[in-house]
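Q: Compute the structure for the input listed below.
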Amino acid sequence: MSPPTSTAAWTKRDEQTITELIERRLETDPQGELFDVMGKSWSAAQLITEADRVAGALSAYGVEPGDRVASLCENSSEQLVTIFAALRLGAVSVPVNTAFKGDYLRHQLRDSGTKVLIVDAAFVDRAAYVAPDLPDLAHIVVVDDIVPDIEIGTTRWHDWLDVSTHEPIAEAHVAKPDDLAVFIYTGGTTGPSKGCMINQNYAVTLAIQIATMWGRTPDDVVWTPLPMFHFNAVTVVLIGTLVIGGRASIYRRFSVSNFWPEINRTGATMASTLGSMVSLLADDPDRPEMPRSGAPEANTTLRFISGVPITPALRERCIERF
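A: Residues are numbered from 1 along each chain as shown. Reported below is the predicted structural model:
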């Protein structure tokens, strides 16, 4: 797909769905790298093959189009597959902030009407604590752990092997532009978190607009440490890469010391960050991987860092340093 023009990104166009973007990538570049998740490479064909197996398990668990599939996971291949599995079923993905527990976690799972929860093993105790209060929650799948297929209250527990080796769905659900795709919950700083109900076309449109503002092309590689429960990562990395083409890299979490090694490893030309991350990078002591260091290992690929907010003074410091 050719990069959208600045005019086309902000004017009315044919509505699109994430479903269409997935099918387009499968047709045009099924084997090329689509995502790198902390060193694990995923082509479109590999990702959708795995997602369809997980979707098959979710379907067997009773998930239908419009049902909610939540995930309480750190950035990982399993989190990536879960989001696409929900999309392949026509279900709504509900990625939950991994800082939430107790009443905060219970509120989001109850408010969204989550039917299946995928959870990292590290957060099992949180899920077990709130599950008895969630009558809609029928199944919990634990990542990276062996859990017997048991029933606790009204909720059945499974391990990731159950879903990742299941028979795949026969065919993907064909979404409409106004079908819900994802619930992104607000931070909850002024009261209970509110679920932002994002439909397919809105998510695609926003991804196009961000890519246009960045001047992103199919030759770019976008790297991010932002969590996949954040809408920035969903639109910029997951959907934006399907819109524009090329590839993207997802890191576990932000680290100043690992930033330049990761940029060099992935060949990233763009970095998607937020908040104080840019300030921390600008104030970081000189490293040989920095572009202006003159060392053999100095980065030569990165041309764009996104971060909000960036003051004029910070922008100038970044230009000077990088």
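
Q: can we go C-alpha only for contacts and neighbour counts from here?
A: Fine.

Q: buried set for stretch 39-56?
A: Buried residues in stretch 39-56, counted by 16 or more other C-alpha atoms under 10 Å: 42-56.

Q: Contacts made by it with the rest, please.
A: Under the contact criterion C-alpha atoms under 8 Å, 6 or more residues apart in numbering, stretch 39-56 has outside partners 22, 25-26, 29-36, 77, 81-82, 84-86, 88-89, 163-169, 172.

Q: Of the residues you listed, just the buried ones, ChimeraX syntax please.
A: The following ChimeraX line selects those of these that are buried, judged by 16+ other C-alpha under 10 Å:
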select :22,25,26,30,32,33,34,35,36,77,81,82,84,85,86,88,89,163,164,166,168,169,172
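
Q: what are the bridge partners for the residue nearest to Trp160 when sequence neighbours are not counted, then?
A: In this structure, Trp160 finds its nearest non-sequential neighbour in Val143, 5.1 Å apart by C-alpha to C-alpha, 6 or more residues apart in numbering. On the basis of DSSP bridges, Val143 is bridged to Asp120.

Q: Count residues in the vicinity of Val143, would you?
A: Counted with other C-alpha atoms under 10 Å, residues neighbouring Val143 total 23.

Q: per-residue pLDDT, it?
A: Looking at Val143, its pLDDT reads 95.

Q: give the contact list for it.
A: Listed by C-alpha under 8 Å, 6+ apart, the contact partners of Val143 are Glu78, Ile118, Val119, Asp120, Ala121, Asp159, Trp160.

Q: Burial check on the second one, number of neighbours?
A: In this case it means Ile118. 24.

Q: Which is the succeeding secondary structure element to the helix or strand it falls within?
A: Secondary structure assigned from DSSP states H and E places Ile118 in strand 114-120. Once strand 114-120 ends, the next helix or strand along the chain (criterion: DSSP H and E) is helix 124-130.

Q: Now do that next one: everything it contacts.
A: Contacts of helix 124-130 (C-alpha under 8 Å, 6+ apart): Lys101, Gly102, Asp103, Leu105, Arg106, Val119, Val142.
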